[in-house]
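[1] What follows is a predicted structure for the sequence shown.
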Amino acid sequence: MPLYEHVLIARQDLSNAQAEGLIEHFSTVLADNGGTVVGSEYWGVKTMAYKINKNRKGHYAFLRTDAPSAAVQEMERLARLHDDVMRVMSIRVDAHEDGPSVQMQKRDDRGDRGDRPDRGERRERR
């Protein structure tokens, strides 16, 4: 079966328990349609780049699934109809990465930024 990654953004006025309940709800929707949830993460409340439905913040959730496309379409349809979900994005991937997602890793563990000069040092201009 194809592998997918999903990100859900829920309204900011939900409690943490309600936001995590959404993860369980959509996990059961996928399971009922023949898919399995490989892993899920609750990223917490984060500030968005722009307002969505008059909200500046939202509860972010991340799901890794192994599901047929019909199950993913049904989950997306129900997410769009759900009043608490503001956005949903699903991406098909070739393989799931091991370990936590980039959002859950500590900044020191990422290692994606090179060494930056101290503020006292100046870069040479060309």
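    Here it is on my side, so go on. Note that this is a predicted model, so its numbers are computed, not measured.
[2] chain center to the top helix by length along the chain: distance?
    Using DSSP state H to define each element, the chain has its longest helix at helix 16-32. Offset of helix 16-32 from its chain centre (CA atoms, centre = their mean, to the nearest Å): 13 Å.
[3] List the buried residues for it?
    By 16 or more other CB atoms under 10 Å, the buried positions in helix 16-32 come out as 19-20, 22-23, 26-27, 29-30. (Each C-beta comes from the backbone N, C-alpha and C, glycine too.)
[4] which residues touch it?
    Here helix 16-32 makes contact (CB atoms under 8 Å, 6 or more residues apart in numbering) with 6, 8, 10, 14, 36-37, 40, 42, 44, 59, 61, 63, 65, 67, 71-72, 74-75, 78-79, 82, 84-85.
[5] And these, which of them are buried?
    For those, buried by 16+ other CB under 10 Å: 6, 8, 10, 14, 37, 40, 59, 61, 63, 65, 67, 71-72, 74-75, 79, 84-85.
[6] I'd assumed residue 5 was in a helix, is it?
    No: Residue 5 is assigned strand when assessed by DSSP: H, G, I helix; E, B strand; the rest coil, not a helix.
[7] Right, I'll leave it there.
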